[in-house]
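# A predicted structure for the sequence below; I have some questions about it.
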Amino acid sequence: MIAVILALLIVPLAAAIACAALPAKLAPVITPVSGVACFGLVLALIPAAGHRDLNYLSYLRVDALSEIFLLATGFLYGAVTVYSVGYLKHHDLDQDQYHRDRYARRFYAGLNLFGWAMLAAPIMGSLALLWIAVEITTIVSALLVAIEDTDGAAEAAWKYVLIASAGLGLALLATVFAYFAGSQLLGEHYNLAISPLIEVSHNLPHTPVRLAFMLAVLGYGTKVGFFPVHTWLPDAHSEAPTPVSALLSGALLATSFYAILRYYQVASGTLGSAFPRDTLLAFGVASLLLAALYVFDQRDIKRLLAYSSVEHMGILAIGVSFGAPVALAGVLLHVLAHAAAKGNAFMGAGVFTVKFGTKQIAALRGGLDVLPWSGPLFLIAVFALSAMPPSGLFRSEFQIVYGGLSSGHYAAAAVLVAGVTVVFFGLTASATRMLFTPAPAPRALTRGEPSAWMVVPMVAGVAVLLVLGLHPPGELTGLIARAVTQLGATR
């Protein structure tokens with residue numbers, strides 16, 4: 001398995017270098033090959049990660065928990081690289097060939113580098129290397145947000161860099177406190193490896209662990225999009241190219257949440273479950289309520305989906321706070337289903353933007369008539385994000401709510417159901433106007449899809465949502481069960 005893990009670290013990085021160095025016409029070939037290959041490599045790790053931890057030199061580590069997040073990122077990276085081929089064919093058609101090639105080279109190189117950093121983060125075997133990987137995702141994604149070279153994109157990227165950098169400064173301080181706590185038992189030469197820290201967590205000093213966890217939730221929570229450190233997220237998602245928005249929402253937020261879960265494992269072992277769960281519950285409820293309030297007031301389709309991401313990150317935090325095995329299993333399934341659904345929603349929004357030439361919801365009309373494939377697929381994605389059966393998100397949210405009720409968290413479970421219901425009305429109201437309201441006669445458009453490359457990944461996303469909702473594969477179920485055990489579920 002070491003060869004597979006090394007390939008995961010080498011393939012997207014090599015693709016990024018190749019796209020930057022080779023002629024631009026090769027980038028649309030190299031990038032999808034890299035994305036699909038990486039997803040295949042992640043799938044190949046499932047049998048081993050479902051039965052044992054894969055540790056190498058204490059620098060690389062894949063266990064069941066990290067494999068769940070690798071699956072989410074790997075699938076979305078593969079889907080987005082295919083989608084990007086069609087997306088870039090319609091980008092800035094007014095520019096000359098030189099500028100289009102220059103943009104394509106930068107875009108594809110950045111996209112592959114972004115995918116590499118997000119795949120590397122769950123593989124890192126120490127908290128220090130994990131912090132470095134998440135920091136790299138910030139640098140690369142900020143450049144991708146600004147790649148359109150508009151005033152709005154530059155402002156969104158600058159805001160993102162300022163807030164995320166402040167957050168990662170707190171996360172670095174969390175890493176320092178974690179080192180201090182670990183060095184009390186493991187010695188001054190302790191290298192912040194995750195496995196030994198978890199093994200001795202029951203004997204760690206309480207104060208530095210408590211500080212490390214709080215700083216990690218605040219620091220990495222900036223990248224997750226927790227309230228009140230979420231303010232960069234709607235702007236960045238709105239201004240970034242659509243493939244980048246899909247990766248930001250479906251993969252980057254989850255990768256940052258993975259970092260919080262590693263600190264959660266240590267804090268639960270040292271402090272008991274009450275403190276870390278109460279902390280996550282507070283951030284989760286606040287984020288869910290914020291999304292419920294703001295989802296009705298959005299005029300930009302990508303900003304609307306960005307607030308939906310805040311909602312779903314809040315759901316993950318609330319689910320972990322419940323602590324019941326079924327709730328934690330729902331959280332991990334939610335990570336996978338949200339990647340597929342949110343990726344589909346952003347890719348569908350990108351098709352609308354290309355077809356209609358605008359992101360404004362008021363101008364997007366008659367989608368089902370104009371887009372025979374993308375229109376229904378976008379509607380399915382919206383229904384999935386609203387937890388409609390038989391999608392994977394319905395299954396995961398049902399498990400989370402059931403876990404909350406079975407563990408006695410009745411008020412939190414009620415707030416979760418109410419918040420999800422409110423967001424459902426907000427999402428479906430906008431989707432209904434976009435899809436079913438007839439387009440004005442002057443805006444009548446030719447029926448048809450901009451590109452088949454933009455449709456195929458959405459079909460794959462719907463297939464994943466149905467599989468996760470109706471009958472998850474046995475290997476995946478076993479992987480989730482082992483990850484739940486690693487998170488220390490209690491009844």
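Structure received.
# residues contacting the residue lying closest to L288 once chain neighbours are set aside?
Leaving out its chain neighbours, the residue that sits closest to L288 by Cβ to Cβ, 6 or more residues apart in numbering is G314, at 3.6 Å. Any C-beta I mention is one placed from the backbone N, CA and C, and that applies to glycine too. For G314, the contact set (Cβ atoms under 8 Å, 6 or more residues apart in numbering) comprises F226, F227, F283, G284, V285, A286, S287, L288, L289, L290, A291, G419.
# Figure out the helix or strand that G314 lives in.
helix 301-322 (DSSP states H and E).
# separation between the residue nearest to L288 and K25?
43 Å (Cβ to Cβ, to the nearest Å).
# With Y160 instead?
From Y160 to K25 the distance is 31 Å (Cβ to Cβ).
# Tell me which of the two has more neighbours.
Neighbours around Y160 and K25, counted as other Cβ atoms under 10 Å, are more numerous at Y160. The numbers are 26 against 10.
# The more buried one is in contact with T231, isn't it?
No: assessed by Cβ atoms under 8 Å, Y160 is found out of contact with T231, at 9.6 Å.
# Contact partners for L218?
So, once contact is read as Cβ under 8 Å, 6+ apart, L218 ends up touching G167, L170, V229.
# Helix, strand, or coil at the closest residue to the first one other than its chain neighbours?
Taking Cβ to Cβ, 6+ apart as the measure, G167 lies nearest to T222, with 2.6 Å between them; neighbours along the chain are not counted. Using DSSP: H, G, I helix; E, B strand; the rest coil, the secondary structure recorded for T222 is helix.
# Between the contacts of L218, which sits nearest I17?
Nearest to I17 out of these is G167 (Cβ to Cβ; 29.1 Å).
# what about the closest one, which helix or strand?
G167 belongs to helix 151-186, assigned by DSSP H and E.
# buried ones in that helix?
153, 156-157, 159-161, 163-164, 167-168, 170-171, 173-182, 186 (16 or more other Cβ atoms under 10 Å).
# So which elements touch that helix?
The helices and strands touching helix 151-186, judged by 3 or more Cβ pairs under 8 Å, 6 or more residues apart in numbering; DSSP states H and E, are helix 127-145, helix 194-199, helix 206-224, helix 232-239, helix 253-271.
# Contacts for the fourth one next, please.
With Cβ under 8 Å, 6+ apart as the contact definition, helix 232-239 has outside contacts at 141, 145, 148, 150, 152-153, 155-157, 159-160, 162-164, 222, 225, 245, 248-249, 300, 302-303, 305-307, 309-310, 346, 359.
# Mind exporting the C-alpha coordinates of it to PDB?
Output in PDB follows, covering the C-alpha atoms of helix 232-239 (Å, rounded to 0.1, in the frame of the first residue of the first chain):
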ATOM      1  CA  TRP A 232     -14.700  34.800   3.600                       C
ATOM      2  CA  LEU A 233     -16.700  31.900   2.300                       C
ATOM      3  CA  PRO A 234     -19.600  33.400   0.400                       C
ATOM      4  CA  ASP A 235     -17.300  35.900  -1.400                       C
ATOM      5  CA  ALA A 236     -14.700  33.300  -2.400                       C
ATOM      6  CA  HIS A 237     -17.200  30.800  -3.600                       C
ATOM      7  CA  SER A 238     -19.000  33.400  -5.600                       C
ATOM      8  CA  GLU A 239     -15.900  34.800  -7.300                       C
END
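# mean confidence score for that helix?
Per-residue pLDDT over helix 232-239 has a mean of 88.
# Also the shortest one?
What helix 194-199 shows for mean pLDDT is 90.
# That helix: how far from the chain's middle?
Relative to its parent chain, helix 194-199 has a centroid offset of 25 Å by Cα atoms, centre = their mean, to the nearest Å.
# where does L22 land on pLDDT?
L22 carries a pLDDT value of 90.
# my guess is it meets P28, correct?
No: using Cβ under 8 Å, L22 is not in contact with P28; the gap is 11.5 Å.
# Those two: which has the busier surroundings?
A count of neighbours by other Cβ under 10 Å puts P28 above the other of L22 and P28, at 20 against 13.
# Excluding chain neighbours, give the residue nearest to the more buried one in space.
V85 (4.6 Å).
# Just list the residues touching the one you found, thanks.
P28, T31, P32, S451, W453 are the contacts of V85 under Cβ under 8 Å, 6+ apart.
# now it: how far from H338?
24 Å.
# again with I17
31 Å.
# Looking at the two, which has the bigger crowd around it?
H338 (30 against 14).
# Check what pLDDT that one gets.
95.
# go on, the one 3 residues further on?
According to the per-residue confidence, A341 scores 95 in pLDDT.
# Can you give me the neighbour number for it?
The number of residues near A341, taken as other Cβ under 10 Å, comes to 30.
# Same question for the helix or strand hosting C38: list its buried residues.
Using DSSP H and E, C38 falls within helix 27-44. Going by neighbour count (16+ other Cβ under 10 Å), the buried part of helix 27-44 is 27-28, 30-32, 34-39, 41-44.
# Could you do stretch 231-247 as well?
Within stretch 231-247, judged by 16+ other Cβ under 10 Å, the buried ones are 232-247.
# ok, so of the residues you listed, who is nearest M388?
The closest of the buried residues of stretch 231-247, once distances to M388 are taken by Cβ to Cβ, is A246, at 20.5 Å.
# list the contacts for that closest one?
Going by Cβ under 8 Å, 6+ apart, A246 touches L76, A79, V80, Y83, K342, G343, F346, M347, G350.
# try 7 Å this time
L76, V80, G343, F346, M347 (Cβ atoms under 7 Å, 6 or more residues apart in numbering).
# And for K355?
V370, L371, L445, P450.
# Secondary structure element holding the residue nearest to P28?
Going by DSSP H and E, V85 is part of helix 64-89.
# Just want the phi and psi numbers for L364.
phi -100, psi 100 (degrees, to the nearest 10).
# From K342, how far out is it?
Distance from L364 to K342, by Cβ to Cβ: 18 Å.
# Settle it for me: which of those two has more neighbours?
Between L364 and K342, K342 has the larger neighbour count (other Cβ under 10 Å), namely 30 against 24.
# And what about that one, helix, strand or coil?
K342 - assigned by three-state DSSP - is helix.
# How much space separates Y87 from Q360?
On the measure of Cβ to Cβ, Y87 and Q360 end up 19 Å apart.
# My error: substitute K159 in the last question.
For K159, the distance to Q360 - Cβ to Cβ - is 21 Å.
# Return the residues in contact with M434.
F352, I361, L364, R365, G367.
# Pretty sure the third one sits against F352.
Yes: at 5.3 Å, L364 and F352 qualify as touching, with contact defined as Cβ atoms under 7 Å.
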